[in-house]
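Student: Need a 3D model of the sequence below.
(chains A, B, C and D)
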Protein chains: 2
Amino acid sequence: MVKLRPASFLMLGMLRLGVRSGYAIKKATDISVRFFWPTSFSQVYPELTELEQNGLVTRRDDSHGARARSAYDVTEDGETALIEWLRSPVTTPLKFRDEGVLRLYFADELSREEQLRLVWRIRERARASELELRENILPLADPLTGKGIAFPGIVAKLGVDTFAYVEQWLGRLEAELEEAPPQDRG
Amino acid sequence: MVKLRPASFLMLGMLRLGVRSGYAIKKATDISVRFFWPTSFSQVYPELTELEQNGLVTRRDDSHGARARSAYDVTEDGETALIEWLRSPVTTPLKFRDEGVLRLYFADELSREEQLRLVWRIRERARASELELRENILPLADPLTGKGIAFPGIVAKLGVDTFAYVEQWLGRLEAELEEAPPQDRG
DNA sequence: GGAAGCATGTAAAGTGTTACATGATTTT
DNA sequence: AAAATCATGTAACACTTTACATGCTTCC
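Tutor: Purely as a prediction, here's the structure:
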C-alpha cells in the first residue's frame, strides 16, 4: 500500500464530509481547518490524481455545460485508510512554528518601547486570528453540529479559545513590561 | 541586500546571545526555541556559510587540537539586519499546523470510544510538550533572566502556559464526550 | 460590459527533514 | 573498551508556496 500524508487524509476527509470537487476542497479548507492545515490548489489537484491512481477515490465527470468539473467519491479502500489513520498513534511531535514567537525570543536586543511594540504586534495577530475563527469559521461549523457532525465545531472552538488565551497572556505581558523598568545587563 | 529568512535570524540571534559554533547553535536551539522554530545541522551549516558570504557574520578558526571548530561573530551589518527584522511588522499569518488537530476535525468518522482515545492521545502529546518545556527548557532560561536577558524565559513560560491550557481544554472535552451520548446523524 | 467567482492544472522556487559520511574527544 | 558527545558537512528527498496559464459563468 502507498504511503499517505496528512494532506492526503485532508482530501479523503473533506470528500467524506460531502465536498465533491478539488476546487471545493480548497475553498472548504480555507473556511475550516486552514489554521491547522492549510492547503493550495497546486497541492489539491495532484493529490486527488494520485489518490485516484491508488484506488482510494473515484473520479467522475461533473461538468456544467462548457465548464469542466470533476466530482470525487471515496472508495472503500479510501475509507479504510482514513479510519486507520484516525485510529493510529499520533507520531509527529507537537510544535508551533511561529515567526512571531521566534522574534520574541530575541527581543532583549530591543529597547523597552520597541519590545512593547513587538508584543503588541504579536498580540494583534493572535486577536485577528481569533476573530476570524469566531466570526467566519465557527458559525459555518454550527449547522453541522446540529446534524450530528460535532468535531468541525469542536476544532473551531479549540482554535478560538486557544488564540484568545494567547491574546490575554500577551496582554498581561505588555502590562508587566510597562510597569517594570528594564534591568541592567551584567 | 540579500533576503534573509527566519532561519537566518535564528543564527544571528543565537550568535548575539553568545553561542559561537554551528554545532552549538543547533544544540542551543534544541533546548530553547525548538518548539517554535526547530532547526537541524543540515540547515545551520549552509546558513552560516551564506551569512558569512554576505558579510553578516565573520568566521574564525577555533580548533581544539585535531578537532576542527569554527567560531562566528555577528558584524555590524548583521546586527542591523537582526534589529530591523525585530522592528519590522510581522507579516507571516498565525497558523498552528498540527496533524493532531487535523485528525480531530474528522473524528466524527469514529465511534465514541475511538474518539476518546484520539482526544486522549492529543492531550498526552500536549502534556509531554508542556512537561518538556517546564522541566528541561524553562530552568535553563532562568539564569539568563537574572542577567537581564528576559525573553528566553518569557517565551518558555508562554509555551508552558499555552500547552497547559490546551491540555486542560482537551481534558474538559474528554469529560463532555464521556457524558454526552453520541447523537444520531441525519 | 466588467468584476468576481468557478474550475483545473503546470512549473519553478523555496524550505525543511532525513540519511549518509567522517573522525576526534570525553566520559563511563 | 565502548558509548556518548563534539564537530562539520553533503546529498537526496519531501513538502509547501508562488507564479503562471487558461477559460467559463454568474452577479452587479
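Student: For A:Leu51, which non-adjacent residue is spatially closest?
Tutor: Using C-beta to C-beta, 6 or more residues apart in numbering or on different chains and skipping the chain neighbours, the partner closest in space to A:Leu51 is A:Val57 (4.6 Å). Quick note: C-beta positions are derived from backbone N, CA and C, even for glycine.
Student: Next: A:Leu12.
Tutor: Spatial nearest neighbour of A:Leu12, excluding adjacent residues (C-beta to C-beta, 6+ apart): A:Leu82 at 4.5 Å.
Student: next one: A:Arg87
Tutor: Spatial nearest neighbour of A:Arg87, excluding adjacent residues (C-beta to C-beta, 6+ apart): B:Glu114 at 6.0 Å.
Student: Likewise for A:Ser70?
Tutor: Closest residue to A:Ser70 apart from its sequence neighbours, by C-beta to C-beta, 6+ apart: A:Arg59 at 5.2 Å.
Student: quick one: the one you found and B:Asp161, what's the gap?
Tutor: From A:Arg59 across to B:Asp161, the span is 47 Å (C-beta to C-beta, to the nearest Å).
Student: list the contacts for the residue nearest to A:Leu51?
Tutor: Contacts here follow C-beta atoms under 8 Å, 6 or more residues apart in numbering or on different chains; on that basis A:Val57 touches A:11-12, A:15, A:48, A:51, A:72-75, A:78.
Student: any idea which of those has the most stuff around it?
Tutor: With neighbours taken as other C-beta atoms under 10 Å in any protein chain shown, the top of the contacts of A:Val57 is A:Met11, carrying 27 neighbours.
Student: for the residue nearest to A:Leu51, phi and psi?
Tutor: phi -140, psi 160 (degrees, to the nearest 10).
Student: Pull the contacting residues for the residue nearest to the spatial centre of chain A.
Tutor: Nearest to the geometric centre of chain A sits A:Phe36, at 2.2 Å (C-alpha atoms, centre = their mean). With contact set as C-beta under 8 Å, 6+ apart, A:Phe36 has these partners: A:155, A:159, B:95-98, B:101-102, B:105.
Student: And those residues, which of them are buried?
Tutor: Burial by neighbour count, 16 or more other C-beta atoms under 10 Å in any protein chain shown: within these this picks out A:155, A:159, B:96-98, B:101-102, B:105.
Student: about what we covered before: distance from the helix or strand hosting the residue nearest to A:Ser70 to the middle of the chain?
Tutor: Under the criterion of DSSP states H and E, A:Arg59 resides in strand A:57-61. Mean C-alpha position of strand A:57-61 versus that of the full chain (C-alpha atoms, centre = their mean, to the nearest Å) differs by 26 Å.
Student: mean confidence for that strand?
Tutor: Mean pLDDT, computed over strand A:57-61, is 98.
Student: Low-confidence regions, chain A specifically.
Tutor: Within chain A, the segments meeting pLDDT under 70 span A:182-186.
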